[in-house]
Structure formats: structure tokens, C-alpha cells
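J.: okay, sequence plus prediction incoming.
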Amino acid sequence: MFQETSSQAAAVAEITSGGLLAPKISARRLNVFYGHKQALFDVDLDIFPRGVTALIGPSGCGKSTFLRCLNRMNDTIENCTVTGSVLLEGVDILASDIDVTALRSRVGMVFQRPNPFPKSIFDNVAYGLRIHRLAQSRSELEDRVEASLRGAGLWDEVKDRLRESGTSLSGGQQQRLCIARAIALEPEVILMDEPCSALDPVATAKVEELIGRLSENYTIVIVTHSMQQAARVSQRTAFFHMGRIVEEGDTREIFTNPKDERTESYITGRIG
Ligand SMILES: Nc1ncnc2c1ncn2[C@@H]1O[C@H](COP(=O)(O)OP(=O)(O)OP(=O)(O)O)[C@@H](O)[C@H]1O
């Protein structure tokens with residue numbers, strides 16, 4: 001269950017070396033309401049730079065709601081109110097004067113179902129670069145598209161078909177295309193909401209391997225229903241239950257020596 005690449009091991013060492021690193025993101029007293037229904041209750045969580053933090057817990061416990069707070073995706077949901085603070089390198093991203101478009105280019109997101117635009121493979125990756133005017137010339141655009149596709153481990157599979165539609169790819173390739181689209185903007189943080197739930201085991205393994213490589217350079221937060229996946233890809237884990245964080249910390253510790261009986265029940269399959 002706990003096979004680590006050397007880079008993941010390095011990330012673990014860095015993250016766990018006496019807590020020397022400042023958190024990349026700190027959520028404090030985060031409360032989220034959908035209308036009158038409260039979905040998160042006073043959630044505090046630090047997310048450390050680089051490496052992977054997994055959010056686990058039973059269905060409806062608030063994992064996706066929490067994830068969406070980290071790049072203000074809850075703003076798009078009518079009736080959703082968020083209180084508390086989410087500090088990204090010390091700056092509260094929930095503040096009213098935050099440029100949400102700029103925030104989302106720093107904190108990218110990959111969704112449960114691969115959602116490529118109905119555009120060519122090239123244009124899917126080029127889209128954000130064009131919108132944000134991140135390439136000054138056609139050749140720079142092409143270079144950045146190639147680098148992003150290489151970064152997502154997809155280049156060799158698509159280099160001869162860049163003009164074909166993104167939707168013509170397999171599900172696993174589409175998800176890696178969405179990851180390429182996210183990393184094209186060189187975000188600092190990548191949020192992943194069950195990125196493998198629609199994929200077969202082979203495609204899942206490729207995306208997990210990719211997550212391991214990306215975690216050398218990016219801070220990754222992943223929601224997963226698979227405890228095996230959380231154990232394989234993450235160095236830190238937070239266990240949510242009924243809108244609260246019950247326990248969080250080193251993944252190995254959470255899975256081998258949980259402190260709270262609700263965590264233990266969940267990881268041993270007694271609640272779920
Ligand atoms: N758009 C919404 N409108 C109203 N209630 C919502 C909305 N999204 C989520 N909720 C409610 O908020 C609570 C937390 O939901 P959330 O999707 O964050 O949980 P989750 O842990 O990600 O669940 P799952 O694992 O099933 O995806 C649930 O009770 C859910 O019904």
C-alpha cells in the first residue's frame with residue numbers, strides 16, 4: 001500500500017521535517033452553507049507546499065465543498081455562503097477584492113469527469129494560454145502546448161494528432177489532457193476532485209503516476225473515495241466526517257495508527 005517514488009519520499013521528508021515549511025494554504029474556521037443547510041463546520045486545515053494532500057471521508061461529508069473553497073468555485077453555486085478564511089501564502093482568497101480569474105490560474109482544478117472542450121487537442125491546451133496572453137508568438141504557444149502535454153505524459157500519444165478533437169481521446173487520455181490544460185497555466189496548486197473515478201485501472205495507474213511526478217513541482221489536493229489511492233499518492237491526509245475534520249496528518253500515520261475511532265471505522269470499511 002505504501003510504495004513511494006524517491007521524489008515522493010523526498011516530499012515526505014521535506015513536509016515532515018519538523019514542520020519547517022510554511023503552509024501553502026491555511027483554511028481557518030471555514031464554514032459553508034447551501035441556503036440554510038450547513039455543509040462545513042469550522043474547518044481548519046494547513047496544506048503544505050508540494051506533495052499531495054488527500055481528502056477522504058464518507059459521501060456527503062464535505063470534501064468537494066472544501067476543495068471548491070480553495071479556488072472559489074463555490075462562488076458559482078447559487079445560495080452558497082462561505083465564512084472564515086483561506087490563506088494562500090498568507091493572503092485571504094475569500095476577500096472581496098480578490099481577482100478570482102487570477103486566483104484560478106494560480107489554483108487550477110481537474111474534475112471528476114474528464115471535460116475537454118469541444119476543440120482540438122492543441123486548442124484545449126492553448127486555450128488558457130491565449131486567454132491569459134501567456135505566449136507572445138505562435139512558436140512560443142506551440143512550445144508551451146508541447147511542454148504541457150509532455151508534463152501530463154500525453155505528448156507521445158497525441159503529437160501526430162494535435163488537430164483532432166480532444167473528445168476523440170480515450171477517457172484516461174482526456175483526463176491527462178485536462179491535466180495538461182491545467183498545468184499549461186503553471187499553477188502553484190492543482191485541485192483534483194476524484195480524478196480517476198471515471199477511469200479504468202490502467203488509466204488510473206497512469207494518472208496516479210502522473211500525480212506523483214507533478215507533486216515534485218506543484219501542491220496537489222485530491223479528493224478520493226479510494227483509500228488505496230490516498231495511501232498510494234498522498235503524503236498528508238485529512239479525514240472529513242459530517243462537515244468537520246476529524247483527523248489529519250501524515251498519511252502513513254492516519255492509515256496505520258488512526259487516533260479517532262471514526263477514522264479507524266472509515267479506513268477499515270465499517271462506515272462509508
Ligand atoms: N450545490 C449544492 N446545493 C445544495 N447542497 C449541496 C450542494 N453541494 C453539496 N451539497 C451538500 O453539502 C454536503 C457536502 O457535500 P459534498 O459534495 O461537499 O460532499 P462530499 O464529501 O464531496 O461527497 P461525495 O463524496 O459524495 O462527493 C452534502 O450534504 C451535500 O448534499
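T.: That came in fine, so what should we check first? Numbering: from 1, shown residues only.

J.: and the residue most central in space within the chain, how far is that from the ligand?
T.: Geometric centre of the chain, nearest residue: residue 191, 2.1 Å, by CA atoms, centre = their mean. Distance, residue 191 to the ligand, using CB to the nearest ligand atom, to the nearest Å: 12 Å. (Each C-beta comes from the backbone N, C-alpha and C, glycine too.)

J.: same question, residue 174
T.: Counting by CB to the nearest ligand atom, the separation of residue 174 from the ligand is 20 Å.

J.: check the contact between the residue nearest to the centre of the chain and residue 108; I expect there is one.
T.: Yes. Contact status for residue 191 versus residue 108: in contact at 7.0 Å, counting by CB atoms under 8 Å.

J.: so how far is the host helix or strand of the residue nearest to the centre of the chain off the chain centroid?
T.: Residue 191 is part of strand 189-193 when elements are defined by DSSP states H and E. Relative to its chain's centre, strand 189-193 lies at 2 Å (CA atoms, centre = their mean, to the nearest Å).

J.: grab the CA positions of the helix or strand following that strand and hand them over as CSV.
T.: Per DSSP H and E, the first helix or strand lying C-terminal to strand 189-193 is helix 201-214. The C-alpha trace of helix 201-214 is given here as CSV (Å, rounded to 0.1, in the frame of the first residue of the first chain):
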residue,chain,number,x,y,z
PRO,A,201,-7.4,0.6,-13.6
VAL,A,202,-4.8,1.1,-16.3
ALA,A,203,-5.8,4.7,-17.0
THR,A,204,-6.0,5.2,-13.2
ALA,A,205,-2.4,3.9,-12.7
LYS,A,206,-1.2,6.4,-15.4
VAL,A,207,-2.9,9.3,-13.7
GLU,A,208,-1.6,8.3,-10.3
GLU,A,209,1.9,8.1,-11.7
LEU,A,210,1.5,11.5,-13.2
ILE,A,211,0.2,12.9,-9.8
GLY,A,212,3.4,11.5,-8.2
ARG,A,213,5.6,13.3,-10.8
LEU,A,214,3.6,16.6,-10.7
